[in-house]
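[1] need a structure here:
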Amino acid sequence: MKQQSLTCTHLEIREQTTHYLQSINRLVLGQHAQEVSIMLPKYGGIKARFAAFGLFTSTGEKYILSVENLITAKGTLMAFEGEWDSDVAIKASYPSITACFPGLSQSTYRGLLVELLAIMYRVLTIFDSQDTDDNSAAGINGRMTVDCYEVLTDVEWIEDMMHEYDRESIT
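    The predicted structure is shown next:
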């Protein structure tokens, strides 16, 4: 997974995203994007904007993720090339949220991550959400469908990954 990251203002995020999308426009076979602006009164009135793009191109998968603090007008923009999975999603999201919203409690970071990962889940499941496995044993046929991104909506998993990331960053 190749990653590029940039800390910038809202306008710079828009400009860089547009520039990136235009630079790969001829390669894009399919795409889905979702953006949401939220205010969280429960967490002191935090205002945030999250955007996630999933792009499938003739040269591989590409993803764009932006996290913005609408109060300070600062944010992060990340572009990824290669296969995406849940671990990559949270390992990119958590440091971006802590950088854009410094000094918050763990429960506030968890709340922001839940919102961001829900957006990522919706984008990712448009293209690549389910593995289907047909099994047959002892005359019984069965089909099992697994949603490989469902973990992005699991609050306990999010908390576990936050703790794991915090432990790794200390050592």
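[2] can you give me the neighbour number for residue 157?
    Applying other CB atoms under 10 Å, we find 15 other residues in the vicinity of residue 157. Any C-beta I mention is one placed from the backbone N, CA and C, and that applies to glycine too.
[3] swap that for residue 94, sorry
    Based on other CB under 10 Å, the number of other residues close to residue 94 is 23.
[4] in this protein, which spans are helices?
    In chain order, the chain shows helices spanning 10-23, 86-100, 106-127, 155-170, with DSSP state H as the criterion.
[5] find the nearest non-adjacent residue to the residue nearest the centre of the chain, please.
    To find the centre residue of the chain, average its C-alpha atoms and take the closest one (CA atoms, centre = their mean): that gives residue 120, at 4.3 Å. Closest residue to residue 120 apart from its sequence neighbours, by CB to CB, 6 or more residues apart in numbering: residue 52 at 4.9 Å.
[6] surely the residue nearest to the centre of the chain meets residue 151?
    No - using CB atoms under 8 Å, residue 120 and residue 151 do not qualify as a contacting pair, with a distance of 11.2 Å.
[7] how near is the residue nearest to residue 120 to residue 17?
    11 Å (CB to CB, to the nearest Å).
[8] got the contact list for residue 153?
    Residues touching residue 153, when contacts are defined by CB atoms under 8 Å, 6 or more residues apart in numbering, comprise 114, 117-118, 121.
[9] just the buried ones among those, please.
    When neighbours are counted using 16 or more other CB atoms under 10 Å, these contain these buried positions: 117, 121.
[10] format the contacts of residue 153 as TSV; extra columns: distance to residue 36 and pLDDT.
    Written out in TSV, the entries for the contacts of residue 153 read as follows (distance: CB to CB, whole Å; pLDDT from 0 to 100):
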residue	distance to residue 36	pLDDT
114	12	92
117	12	92
118	9	92
121	12	89
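[11] residue 52 and residue 17: which has the busier surroundings?
    Just comparing residue 52 and residue 17: by other CB under 10 Å the higher neighbour count belongs to residue 52, 25 against 17.
[12] about what we covered before: residues shared between the contacts of residue 52 and residue 17?
    For the pair residue 52 and residue 17, residues contacting each of them under the criterion CB under 8 Å, 6+ apart are residue 64.
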